[in-house]
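Peer 1: Please find the sequence and the predicted model below.
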Amino acid sequence: LGDRVIIKQDEAEVTTASGLYLAHDAKEKPQTGTVLAVGEGKLDKDGKHLPMPVKEGDKVIYGKYGGTEITLDGEEVLILRADDLYAVIAASALIWFYAWLVSRGIKEVSAINAIITISKIVPIFVAIAAIIFASKFNPDIFWANLHTGADPALTFSDQVKSAMMVTIWVFVGVEGAVAISGRARRSHDVGRATIIAFVCVLSIYLMVSVLSMGVMPLSELATLENPALAGVMEHAVGPWGAFLINFGVALSLIGAMLGYTVLASESPYEAAEGGVFIKQFAKVNKNGAPVVTLVVTNLLIEAFLISMLFSDSSYQFFYTLSAGMILLPYLLSAAYFAKLTFTEKDAFKGRLNAPIWFWRVLGIVGVLYSFFLAYASGAVGLTLMSLLYLPGIPVYIWGKRQRGEKYLESAVDKVVVAIIAAASALSIWLLA
């Protein structure tokens, strides 16, 4: 267990204070419980275990993601860690620094991002080489992990679905480059760079996952703190391996946040330039950076950061929503690509060196993969997505009216709006 404890969560209330019985989904999960088991504690620099602050049988109150609301003697109180407040302040400073950096121009950001990308890849390949050449990969452990899994009760399909949702975050960085593809000198470089990036990320993901499964049993891998690869490296080569991976992860997060800042600012700008968003979002400064989208995006992020201080589930809620929000663009992009392979075959001539049937198969596979991701996210996750799509409708209408253009003319448009509105109403009811 290390520095962890096992807690039996207290039972949720069956009735309200007035005596009304609660439905199963409406029961409030408490943040109190009883300690069943206690680990040995963290190791200090001398290798000695630090004492744990609780013991078996203790009644404890625990937090989940941020501030935790509990009822104490009939009064609502909020438990707030000082670390949470410091984290929000530091994160706020970081996002505004990135906004300033991007406002200086996309070219400068791209150069910095390239340096960060090269630097963060080095620790990963060192880890892969260390596991291989230090002979720490044990085929017996690998086959045992592959055969039993961390949870034998978990079906193969459930394991695949869980992995699919993780890959969303693994590959979403590719979009950071695609978002600024319109600024590329040569358009044919965009597709080539996208494929190369995808293959590289997929290869690294597979190598790290497979090699890790041959170093430690899944039962131990499942207990490792993030980043798990640091724990694997420490087990394989010692503390220096964990330090190297932690350094690489820190560098990776710095680069990822820079990429996300570019992605979040460039997308509304491109939409405004294309005439489907509010005109103000097409405004750029002397460096060609979309300043309005930078400011508005950061204000929204700031609001989310602050909300995490006052709600114990804000992080998980927005994390789930974000994963779901990625799915629809994936599906629509794949479907549009597949449509072009049938309706505009000539558009592929001289641009993509492969027969048209190849691109048709690729487009159909992309659509099927997107549907599978949607299935993996679950019906509730897809429904909750509508909460963020609904505010986009009046924004879309506003942008069209600014240009004197008609909007929502076809029956299909009206049906889509009705579906989003109905799903939003259902989401609010589910969250109430």
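Peer 2: Great, that's in hand.

Peer 1: Where do the helices of the stretch 201-350 of the chain begin and end?
Peer 2: For the stretch 201-350 of the chain, the helices defined by DSSP state H, counting those that start in this stretch occupy 218-221, 228-237, 239-273, 291-310, 314-343.

Peer 1: Surely L430 and A423 touch.
Peer 2: No: the pair L430 and A423 does not pass the contact test of Cβ atoms under 8 Å, sitting 10.2 Å apart. For every residue, glycine as well, the C-beta is placed using N, CA and C.

Peer 1: shared neighbours, those two?
Peer 2: Residues touching both L430 and A423 (Cβ atoms under 8 Å, 6 or more residues apart in numbering): T383.

Peer 1: of the two, who's got more company?
Peer 2: For the pair L430 and A423, the greater number of neighbours falls to A423 (18 against 11), based on other Cβ atoms under 10 Å.

Peer 1: Which secondary structure element of this protein has the lowest mean pLDDT?
Peer 2: When each helix and strand of the chain is scored by mean pLDDT, DSSP states H and E, strand 75-79 comes last, with a mean of 50.

Peer 1: So which bits of the helix or strand that that strand is followed by are buried?
Peer 2: Where DSSP states H and E defines the elements, the next helix or strand beyond strand 75-79 is helix 82-103. Buried residues in helix 82-103, counted by 16 or more other Cβ atoms under 10 Å: D84, V88, A91, I95, Y98, A99, L101, V102, S103.

Peer 1: Distance check, the second one against L408.
Peer 2: If I follow you right, that is V88. Going from V88 to L408 by Cβ to Cβ, to the nearest Å gives 39 Å.

Peer 1: And for the fourth one?
Peer 2: Taking Cβ to Cβ as the measure, I95 falls 34 Å from L408.

Peer 1: can you check A144 too?
Peer 2: Distance of A144 to L408, given as Cβ to Cβ: 57 Å.

Peer 1: Check E273 too.
Peer 2: Per Cβ to Cβ, E273 is found 22 Å from L408.

Peer 1: Just the buried positions in stretch 259-279, please.
Peer 2: Across stretch 259-279, burial judged by 16+ other Cβ under 10 Å covers 259-272, 277-278.

Peer 1: Only the C-alpha atoms, please, for that stretch, written as PDB.
Peer 2: Extracted in PDB, the C-alpha atoms of stretch 259-279 (Å, rounded to 0.1, in the frame of the first residue of the first chain):
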ATOM      1  CA  GLY A 259      -0.100  23.300 -27.800                       C
ATOM      2  CA  TYR A 260      -3.500  23.400 -26.200                       C
ATOM      3  CA  THR A 261      -3.300  27.200 -25.900                       C
ATOM      4  CA  VAL A 262      -2.600  27.400 -29.600                       C
ATOM      5  CA  LEU A 263      -5.400  24.900 -30.400                       C
ATOM      6  CA  ALA A 264      -8.000  26.700 -28.300                       C
ATOM      7  CA  SER A 265      -7.200  30.100 -29.700                       C
ATOM      8  CA  GLU A 266      -6.800  29.000 -33.300                       C
ATOM      9  CA  SER A 267     -10.000  27.100 -33.700                       C
ATOM     10  CA  PRO A 268     -12.500  30.000 -33.000                       C
ATOM     11  CA  TYR A 269     -10.200  32.300 -35.100                       C
ATOM     12  CA  GLU A 270     -10.400  29.900 -38.100                       C
ATOM     13  CA  ALA A 271     -14.200  29.600 -37.600                       C
ATOM     14  CA  ALA A 272     -14.600  33.400 -37.500                       C
ATOM     15  CA  GLU A 273     -12.500  33.700 -40.600                       C
ATOM     16  CA  GLY A 274     -14.700  31.100 -42.300                       C
ATOM     17  CA  GLY A 275     -17.800  33.100 -41.500                       C
ATOM     18  CA  VAL A 276     -19.400  30.700 -39.000                       C
ATOM     19  CA  PHE A 277     -18.400  32.400 -35.800                       C
ATOM     20  CA  ILE A 278     -18.600  35.900 -34.300                       C
ATOM     21  CA  LYS A 279     -16.600  38.500 -36.300                       C
END
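
Peer 1: and V35, which of the three is it?
Peer 2: Following DSSP: H, G, I helix; E, B strand; the rest coil, V35 is assigned to strand.

Peer 1: Quick check: bridge partners of it?
Peer 2: I7 (DSSP bridges).

Peer 1: average pLDDT for whichever strand or helix holds M385?
Peer 2: Here M385 is covered by helix 379-389, with elements defined by DSSP H and E. For helix 379-389, mean pLDDT is 73.

Peer 1: I'd like the numbering to begin with 31 instead of 1 from here.
Peer 2: Understood, numbering begins at 31; the last thing we discussed is helix 409-419.

Peer 1: Which residues does the helix or strand following it contact?
Peer 2: For helix 409-419, the succeeding helix or strand toward the C-terminus, using DSSP H and E, is helix 422-432. By Cβ under 8 Å, 6+ apart, the surrounding residues in contact with helix 422-432 are A302, G305, V306, F307, I308, K309, K436, Y437, L438, V447, I450.

Peer 1: what's the distance between A312 and V306?
Peer 2: 11 Å.

Peer 1: What is the neighbour count of P424?
Peer 2: 9.

Peer 1: remind me which residues of the stretch 31-180 of the chain are low pLDDT?
Peer 2: For the stretch 31-180 of the chain, applying pLDDT under 70 flags the ranges 31-63, 72-77, 79, 90-115, 136, 178-180.

Peer 1: Can you list the residue ranges for strands in it?
Peer 2: 35-39, 62-68, 89-91, 98-102, 105-109 (DSSP state E, counting those that start in this stretch).

Peer 1: Not counting sequence-adjacent ones, nearest residue to G393?
Peer 2: The shortest distance from G393 to any non-neighbouring residue, by Cβ to Cβ, 6 or more residues apart in numbering, is to A368 (3.0 Å).

Peer 1: how about stretch 370-377: buried residues?
Peer 2: T371.

Peer 1: and that stretch, how far apart are its ends?
Peer 2: One end of stretch 370-377 to the other measures 8 Å (Cα to Cα, to the nearest Å).
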